[in-house]
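**Student:** coordinates only, sequence not included:
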């Protein structure tokens with residue numbers, strides 16, 4: 001089973017339409033492996049970029065015709 005672990009600071013985006021986080025440019029690059037594009041700017045949080053679940057799965061589960069078993073652990077801690 002392939003596995004990736006990410007630790008990043010972010011907040012739920014607030015768009016109420018999908019599961020997405022607004023993260024810093026640096027965290028975006030760590031998670032996706034590339035610099036964010038202008039259309040990926042967060043809509044509700046200035047200076048941040050949107051990360052979607054598909055961004056987390058790239059390189060792990062990206063074959064369209066294949067079923068995968070997923071195990072997701074989410075831990076959230078307030079940043080002081």
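**Tutor:** That came through, no problem. If you're wondering where the values come from, they're calculated on a predicted model, not measured in any experiment. Numbering: from 1, shown residues only.

**Student:** Tell me which residue is most central in this protein.
**Tutor:** residue 51 (3.3 Å; CA atoms, centre = their mean).

**Student:** so it bridges to which residues?
**Tutor:** Beta bridges link residue 51 to residue 21 when assigned by DSSP bridges.

**Student:** give the contact list for it.
**Tutor:** 8, 10, 20, 21, 22, 23, 27, 28, 31, 32 (CB atoms under 8 Å, 6 or more residues apart in numbering). Any C-beta I mention is one placed from the backbone N, CA and C, and that applies to glycine too.

**Student:** looking at the sheet around the second one, what are its partners?
**Tutor:** Beta-bridge pairing of residue 10 under DSSP bridges involves residue 23.

**Student:** if we can go back for a sec, got a ChimeraX select line for the buried ones in the contacts of residue 51?
**Tutor:** Of the contacts of residue 51, the buried ones can be selected in ChimeraX as follows, counting by 16 or more other CB atoms under 10 Å:
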select :10,20,21,22,23,27,28,31,32
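
**Student:** Where does confidence bottom out across the contacts of residue 51?
**Tutor:** Among the contacts of residue 51, residue 10 has the lowest pLDDT, at 70.

**Student:** quick one, what contacts that one?
**Tutor:** 21, 22, 23, 24, 27, 48, 51.

**Student:** Distance of the second one relative to residue 35?
**Tutor:** Read that as residue 22. Taking CB to CB, to the nearest Å as the measure, residue 22 falls 16 Å from residue 35.

**Student:** Just put the contacts of residue 10 in JSON lines and tack on distance to residue 69.
**Tutor:** JSON lines is the format used below for these (distance: CB to CB, whole Å):
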{"residue": "21", "distance to residue 69": "23"}
{"residue": "22", "distance to residue 69": "29"}
{"residue": "23", "distance to residue 69": "27"}
{"residue": "24", "distance to residue 69": "31"}
{"residue": "27", "distance to residue 69": "27"}
{"residue": "48", "distance to residue 69": "31"}
{"residue": "51", "distance to residue 69": "22"}
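
**Student:** Provide the contact partners of the longest helix along the chain at residue level.
**Tutor:** Longest helix in the chain, counting residues (DSSP state H): helix 25-32. Contacts to helix 25-32, defined as CB under 8 Å, 6+ apart, come from residues 6, 8-10, 23, 35-36, 40, 47-49, 51, 55-56, 58.
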